[in-house]
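Novice: Have a look; sequence and predicted model below, questions after that.
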Protein chains: 2
Amino acid sequence: MTPTQKLREALARKGLPLTQQRLAVFEALEKAKDHPSAEALHRALRGKYPSLSLATVYKTLQTLKDVGLAQVVNAPHAEARFDAITGVHHHAICRGCGRIEDVFDARLDRLSAPRVKGFELGAHSVHFYGLCGRCKTKKL
Amino acid sequence: MTPTQKLREALARKGLPLTQQRLAVFEALEKAKDHPSAEALHRALRGKYPSLSLATVYKTLQTLKDVGLAQVVNAPHAEARFDAITGVHHHAICRGCGRIEDVFDARLDRLSAPRVKGFELGAHSVHFYGLCGRCKTKKL
DNA sequence: ATGGGTGCAAAATGTTTGCAAGTCC
DNA sequence: GGACTTGCAAACATTTTGCACCCAT
């Protein structure tokens, strides 16, 4: 399935039209292997589509997320959240309200780093996503 | 060891003075169990220290990080980084330049969610931190 | 005494939004 | 034709910075 088909189909499922901008952003995102930012995508595309605006790139990425063709790797423009516990531990994060609970689990601490070309990896941290008690009830 | 001692010592190791503001922020951060944001800490402290500025809270958190007494749970005000791969996968993140590489590892995919009071957890993602090839050489 | 810290306000950064004009089906 | 999207600029939220004054050592 070509990118165009894949995108058209995913958009159609939500009744959304396929536009040139959406196709351009989607193709660029699929081609890039370095988890580009909105800014990076905009930069990469402005040669071919000089009128493409950064706001459109943001909106399109949101749309791609909505139709299940993209995801965000980190969680910015949320506030930074700090922790006085500097030892190894993990987190349960509520998708509803952003609440973060610490998770202590030796089994998770023991995970060994995978081999990634060139990287020298040390610490790791596991993020579990879900709904906290309050948001679970709210959603019903 | 009291918070004051712990803080004084960590700061002294880098030749930095202990101030009332630093102590206040550090104590508040240790006491809070909900991964407060800078804003939240500022709000919590303004009753007792009305002149404490938000900028100082930010600077202090940075300092606490530098001396190893705090860490950031998420990574905001970095740009959002997007990914067209929507399946389960993990990431290797370079502390030097922020580069993100995908990690595919079935062993990691299979991790079962821990029990966290009230939470209903689904997906998870493992972040490995380290230095990429380029930053490794730069640091030497 | 002096190097660094604090508080303020302004700048910077990343993202979102309102709206007129344009595009897709 | 009608709903949705685009591009622009302005708004927004979070974080950083410059600078005059102040505090810890």
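Specialist: Done, it's in.
Novice: average pLDDT for the strand or helix carrying A:Y129?
Specialist: Here A:Y129, judged by DSSP states H and E, is contained in strand A:120-131. Computed over strand A:120-131, the mean pLDDT rounds to 87.
Novice: so, in contact with chain B or not, it?
Specialist: Yes: applying Cβ under 8 Å from any Cβ of the partner chain, one finds strand A:120-131 in contact with chain B at A:120-131. C-beta: built from backbone N, CA, C; applies to glycine.
Novice: buried sites along that strand?
Specialist: Within strand A:120-131, the residues scored as buried using 16 or more other Cβ atoms under 10 Å in any protein chain shown are A:121, A:124-131.
Novice: next one: stretch A:30-38
Specialist: A:35-38.
Novice: again, but for stretch A:43-53
Specialist: Those would be A:44-45, A:52, for stretch A:43-53 by 16+ other Cβ under 10 Å.
Novice: average pLDDT across it?
Specialist: Per-residue scores along stretch A:43-53 average to 95.
Novice: Please compute how far that stretch lies from its chain's middle.
Specialist: 22 Å (Cα atoms, centre = their mean, to the nearest Å).
Novice: Next: stretch A:96-103.
Specialist: 17 Å.
Novice: if we can go back for a sec, now render the buried residues of stretch A:30-38 as CSV, adding pLDDT and secondary structure.
Specialist: As requested, these are arranged in CSV below (pLDDT from 0 to 100; DSSP: H, G, I helix; E, B strand; the rest coil):
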residue, pLDDT, secondary structure
A:H35, 82, coil
A:P36, 86, coil
A:S37, 87, strand
A:A38, 90, helix
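Novice: Select from the buried residues of stretch A:43-53 every entry located in helices.
Specialist: Counted as lying in helices by DSSP state H, out of those, are A:44-45.
Novice: B:R13: which of the buried residues of stretch A:43-53 is nearest?
Specialist: A:A44 (44.2 Å; Cβ to Cβ).
Novice: So the nearest residue to that closest one once chain neighbours are set aside: helix, strand or coil?
Specialist: Leaving aside its chain neighbours, A:A44 sits nearest to A:A28 (5.4 Å; criterion: Cβ to Cβ, 6 or more residues apart in numbering or on different chains). Classification of A:A28 using DSSP: H, G, I helix; E, B strand; the rest coil returns helix.
Novice: Okay, domains of chain A per the record?
Specialist: A:3-73, A:89-139 (automatic domain parsing).
Novice: anything in the one helix or strand A:H91 maps to near chain B?
Specialist: For A:H91, the host element (DSSP H and E) is strand A:90-94. Yes: part of strand A:90-94 sits near chain B under the criterion Cβ under 8 Å from any Cβ, namely A:90-92, A:94.
Novice: of all the buried residues of stretch A:43-53, which comes closest to DNA strand C?
Specialist: A:L52 (12.1 Å; Cβ to the nearest atom of the strand).
Novice: A:H42 is in contact with that closest one, correct?
Specialist: Yes: between A:L52 and A:H42 there is a contact at 6.8 Å, judged by Cβ atoms under 8 Å.
Novice: Quick check: phi and psi at the spatially closest residue to A:G118 that is not a sequence neighbour.
Specialist: Distance criterion Cβ to Cβ, 6+ apart; nearest residue to A:G118, sequence neighbours excluded, is B:G133 at 3.0 Å. Per-residue torsions, B:G133: phi -50, psi -50 (degrees, to the nearest 10).
Novice: residue contacts, B:G133?
Specialist: B:G133 makes contacts with A:117-119, as judged by Cβ atoms under 8 Å, 6 or more residues apart in numbering or on different chains.
Novice: Just put the buried residues of stretch A:30-38 in JSON lines and tack on distance to A:L61.
Specialist: Below are the buried residues of stretch A:30-38 laid out as JSON lines (distance: Cβ to Cβ, whole Å):
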{"residue": "A:H35", "distance to A:L61": "12"}
{"residue": "A:P36", "distance to A:L61": "10"}
{"residue": "A:S37", "distance to A:L61": "10"}
{"residue": "A:A38", "distance to A:L61": "6"}
